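A predicted structure for the sequence below; I have some questions about it.
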Amino acid sequence: MAIKRNKITVVGAGFTGATTALMLAQRELGDVVLVDIPQLENPTKGKALDMMESTPVQGIDAKISGTSDYAETKDSQVVIITAGIARKPGMSRDDLVNTNAGIVRSVCENVKATSPEAYVIILSNPVDAMTYVAYQALGFPRNRVIGQSGVLDTARYCTFIAEELNVSVEDVRGFVLGGHGDDMVPLVRYSNVGGIPIEKLIPADRIDAIVRRTRVGGGEIVNLLGNGSAYYAPAASLVQMTEAILKDKKRITPVIALLQGEYGYTDLFMGVPAILGGDGIEKVFELDLTDDEKAALDKSADSVRSVIAVVNG
Ligand SMILES: NC(=O)C1=CN([C@@H]2O[C@H](COP(=O)(O)OP(=O)(O)OC[C@H]3O[C@@H](n4cnc5c(N)ncnc54)[C@H](O)[C@@H]3O)[C@@H](O)[C@H]2O)C=CC1
Ligand SMILES: O=C([O-])CC(=O)C(=O)O
């Protein structure tokens, strides 16, 4: 049987969606279908065609198409959901909950009908609650419904650590757990540079400053952009997760997963370290936490619960 390229659907052709589509193609992870609402059919087709016309210059073999018709997304291996509104300065991610819950629900009904075997990655904010909405609407097993927050939050954290020490980002390792809000939990104790714990390299007050900056990293970009939120690092994070699944890389990475007892939480979607591979979330790791770390995670879990309560009405 002829081997075919993977098919990856990106729903939402705005800043994050379009950037993700281009980055997916640049890594030749598969053919990409970019979907937006019917009113934006032509701009969506236009963005896709423009990207497609860059492929000879870049030496990329991947098709990129734009549509508002889910028939064209049929049997995608991975579906990435970026549809929804983004926040502006002065707003929190949670302010987006009602609008985006409706959008994510309707998108997921289409995804369920056209790509019932897909691994679905959710970006739309507030992303922990939106992953819950997607899980309910899709009815897929929990290993196939995956939220993106921790790859991005950890990338910001590692960027700041590398800057602080003036070392390669490649040698920085860390984990950010919890909800994708200002209560997220960068795990200092599990962070190292080239295997050396960061507590041995960076003074405590500077580590505190890095942790604080990481927690509000999304807001820092929102305030600078003035009319939208981050999209380059979020897109890169989505691409890393997609690659982990499509290439069965079994990356150990934070993902938003449905917790059923892990860390003592039940029926909660939140960022935890996991193995991400060919079967989606293949295993969630339960790290040993100190009392302070667990208290911080509990606080973050409470924040996520309060947003999920809004969704549940
Ligand atoms: N989880 C995370 O780490 C991050 C989450 N986000 C979130 O991702 C979402 C998208 O952000 P941007 O791309 O910057 O926004 P954007 O406004 O540039 O793009 C959103 C796109 O979604 C489309 N859309 C709306 N309803 C739709 C529907 N029913 N079907 C298909 N498309 C639909 C819009 O027409 C628009 O093109 C926001 O909610 C934002 O807060 C953004 C960055 C990081
Ligand atoms: O801050 C926002 O609204 C977008 C986002 O989630 C991030 O960049 O972390």
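The structure has been received and is ready for your questions. Ligands and ions are numbered 1, 2, ... in the order given.

Centroid-nearest residue for this protein?
What sits nearest the mean C-alpha location of the chain, by Cα atoms, centre = their mean, is residue 148, with 2.0 Å.

separation between it and ligand 2?
Separation of residue 148 from ligand 2 (Cβ to the nearest ligand atom, to the nearest Å): 9 Å. Bear in mind the C-beta positions are built from the backbone N, C-alpha and C, glycine included.

Excluding sequence neighbours, find me the nearest residue to that residue.
Sequence neighbours aside, residue 123 is the residue nearest to residue 148 in space, at 5.1 Å (criterion: Cβ to Cβ, 6 or more residues apart in numbering).

returning to that earlier point: mind listing what the residue nearest to the centre of the chain touches?
By Cβ atoms under 8 Å, 6 or more residues apart in numbering, the contact set of residue 148 is 121, 122, 123, 127, 234, 237, 238, 241, 255, 256.

Kindly recompute the last result at 7 Å.
121, 122, 123, 127, 237, 238, 241, 256 (Cβ atoms under 7 Å, 6 or more residues apart in numbering).

Equivalent analysis for residue 77, please.
Contact analysis of residue 77 by Cβ under 7 Å, 6+ apart lists 6, 7, 8, 118, 119, 246.

Look up phi and psi at it.
Backbone geometry at residue 77, expressed as degrees, to the nearest 10, gives phi -80, psi -40.

how close does it get to residue 4?
Distance, residue 77 to residue 4, using Cβ to Cβ, to the nearest Å: 10 Å.

okay, now the closest residue to ligand 2 within the stretch 151-300 of the chain: neighbour count?
Closest contact between the stretch 151-300 of the chain and ligand 2, by Cβ to the nearest ligand atom, is at residue 218 (2.4 Å). For residue 218, the neighbour count with other Cβ atoms under 10 Å is 25.

before we move on, what about residue 159?
For residue 159, using other Cβ under 10 Å, the count is 17.

Can you check the pLDDT for it?
For residue 159, the pLDDT comes out at 98.

Please tell me the pLDDT value assigned to the residue in the stretch 1-150 of the chain that ligand 1 sits nearest to.
Distances between the stretch 1-150 of the chain and ligand 1 by Cβ to the nearest ligand atom are smallest at residue 14, namely 1.8 Å. Note on residue 14: pLDDT of 98.

gap between it and residue 165?
Note on residue 14: its distance to residue 165, by Cβ to Cβ, is 35 Å.

for ligand 2, what are the nearby residues on this protein?
86-87, 93, 125, 152, 180, 218-219, 221-222, 229-230, 234 (Cβ under 6 Å from any ligand atom).

Which pair of those spans the longest distance?
Greatest spatial distance among the residues of the chain next to ligand 2 (Cβ to Cβ): 87 and 152, at 14.8 Å.

Neighbour count: the two, which is higher?
Shown here are residue 87 and residue 152; by other Cβ under 10 Å, residue 152 has more neighbours (24 against 18).

roughly how far out does the helix or strand where the more buried one lies sit from the chain middle?
Using DSSP states H and E, residue 152 falls within helix 150-165. Remark: helix 150-165 is offset 16 Å from the chain centroid, using Cα atoms, centre = their mean, to the nearest Å.

Please name the strands paired to the helix or strand just after it in the sheet, noting orientation.
Per DSSP H and E, the first helix or strand lying C-terminal to helix 150-165 is strand 172-173. Sheet pairing of strand 172-173 (DSSP bridges) gives strand 192-193 (antiparallel).
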